[in-house]
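Q: Mind looking at a prediction? Sequence and model below.
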Amino acid sequence: MKNLYLITVIFLLSSCQTLSSIQETLGFVEEDPNAPVKLDENYESFLDIGWQKKIEKPLLDLSFFGENIESNIFFDINAGTIYNLNEKQLELIDADTGQLSEVFELETDRIISGVSVGYNSFFYVDADGIVYAHDANSGDLKWKKELEDVVLSKILITSTQAFLQTSSDVLYGMDLQTGETKWQKQAQAPLLSIRGTASPIIYEGLIFTSFSNGRLAAVRAVDGIQLWEKPISRLKGSTELEKLMDGDSNAITINEEVFVANYNGSLTRFNIRSGDKVFSVDHSTSKPILFNKGKILSINTDEEIIGFNATNGTETWRSQKFKNRGLTNLILNDDKIYFGDFEGYIHELDADTGMITGLTKTNLKSISQVAVFSDKLFAQDIEGSIVGFNLK
């Protein structure tokens, strides 16, 4: 009797598998449109491991029950040194060898902004909105300042000032050495926005940044006087959800033009001096855009990678081979685009055509950040492990 029961179960399971295969073959089973695209692995690896710093997670992770504070950027590179956040410490790692050269104790481990390095200083902001500025040579705290809100994006550091933007759309210009607020600009925040803010950029004495209300502003760095503020895109709906137009993507400047894109909106080109709109094309993204040889390169919210003609905004190529794969920001180096995904793959594309030119499977978990310095690529995963690769 038991044998008959076992045979019946096996027959039913086999029938279900066979029926499922037939349904898939005949097209009766719909594919999940949100499922990650399966990769074509028939590409040569373009990376060799130079060094790696592994983080071993404990079997019982008690942090699961603690406060959930997550940064978008864990490391920054400056003058051949990687500045890597590791809980309440900042590790200085030699980019060539992976050797730990210095460890600085930080004021808090509740860092939400990541670390920003420049002009012999490094900055971070905690979950209470307190800005900390340290000397990059000694690690000593230079100053700290309490803001009314958190900073989620990279801080812009110049020779005399630091510029940072809070999640409530306040842009600050601060003295680099003392932390004194030189000026601040408040944008009109919408009723609803997504988590994230753009990082300000500087060009010929002007600060350009976009806000969660979907507008781009040009502000004088020295005194905060606004030259112009223009909408990146037009409203596309009547509900608050449809009106989401967050400008979380950093602007880029080329000669006398500034390009910017926003969520649920457009890729738009403005004249730097007047703020006049040159063109605007439908495009939704919350990731930084890039410029290479007359093309704007971007990932849209469907994780399609697109190349736009920078002159008129027409689409020159589009790759749908990485949709829903949890892609990192795009990195550009020597006419190649690099990025990582949720399965620990690092990809290489030709920036001119969008064609895949390389694929490397790493031993990292889901990759959160990639960077290129000199002839090396660095990647870090969500657990904090970081690897330095040599580009072939």
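A: Perfect, thanks for sending it.
Q: What's the separation between the closest residue to residue 205 other than its chain neighbours and residue 87?
A: Excluding the flanking residues, the one nearest residue 205 by C-beta to C-beta, 6 or more residues apart in numbering is residue 221, at 5.4 Å. The C-beta positions use only the backbone N, C-alpha and C, and glycine is treated the same way. Counting by C-beta to C-beta, to the nearest Å, the gap from residue 221 to residue 87 is 34 Å.
Q: now swap in residue 101 and tell me
A: For residue 101, the distance to residue 87 - C-beta to C-beta - is 19 Å.
Q: Output the below-cut-off pLDDT ranges for the stretch 201-350 of the chain.
A: For the stretch 201-350 of the chain, the stretches with pLDDT under 70 are 235-247.
Q: Hmm, residue 283 is touching residue 266, no?
A: Yes - between residue 283 and residue 266 there is a contact at 5.7 Å, judged by C-beta atoms under 8 Å.
Q: and the closest residue to residue 153 other than its chain neighbours, which of the three is it?
A: Nearest residue to residue 153, sequence neighbours excluded (C-beta to C-beta, 6+ apart): residue 199, at 4.3 Å. Three-state secondary structure (criterion: DSSP: H, G, I helix; E, B strand; the rest coil) places residue 199 in coil.
Q: neighbours around residue 199, how many?
A: Residue 199 is flanked by 22 other residues according to other C-beta atoms under 10 Å.
Q: Let me know whether it touches residue 250 as I believe.
A: Yes - with contact defined as C-beta under 8 Å, residue 199 reaches residue 250; the gap is 5.1 Å.
Q: wouldn't residue 343 be in contact with residue 324 here?
A: No - contact criterion C-beta under 8 Å: residue 343 and residue 324 do not qualify, at 11.7 Å.
Q: And the helices in the protein, which stretches?
A: In the chain, the helices defined using DSSP state H lie at 2-26.
Q: Give me the residue at the spatial middle of it.
A: Centroid-nearest residue in the chain: residue 329, 4.3 Å away (criterion: C-alpha atoms, centre = their mean).
Q: give the contact list for it.
A: Residues in contact with residue 329 (C-beta atoms under 8 Å, 6 or more residues apart in numbering) are 287-288, 299, 339, 369-370.
Q: if we go to 7 Å?
A: With contact set as C-beta atoms under 7 Å, 6 or more residues apart in numbering, residue 329 has these partners: 287-288, 339.
Q: before we move on, back to that, for the residue nearest to residue 205, grab the count of nearby residues.
A: For residue 221, using other C-beta under 10 Å, the count is 21.
Q: Report the contact partners of it.
A: Per C-beta under 7 Å, 6+ apart, neighbours of residue 221: 161, 173, 202, 205-207.
Q: For the residues you listed, which two are the farthest from each other?
A: Greatest spacing in the contacts of residue 221, by C-beta to C-beta: 161 and 206 (13.0 Å).
Q: These two: which is more packed in?
A: Per other C-beta under 10 Å, whichever of residue 161 and residue 206 has more neighbours is residue 161, with 21 against 18.
Q: separation between the more buried one and residue 183?
A: Taken as C-beta to C-beta, the span from residue 161 to residue 183 is 10 Å.
Q: okay, and the common contacts of the two?
A: With C-beta under 7 Å, 6+ apart as the test, residue 161 and residue 183 both reach residue 173.
Q: buried residues in stretch 224-236?
A: Of all the residues in stretch 224-236, those buried under the rule 16 or more other C-beta atoms under 10 Å are 224, 228-233.
Q: Tell me how many other residues crowd residue 116.
A: Residue 116 has 24 nearby residues by other C-beta under 10 Å.
Q: Now do the nearest residue to residue 155 once chain neighbours are set aside, the pLDDT please.
A: Excluding the flanking residues, the one nearest residue 155 by C-beta to C-beta, 6+ apart is residue 116, at 4.0 Å. For residue 116, the pLDDT comes out at 96.
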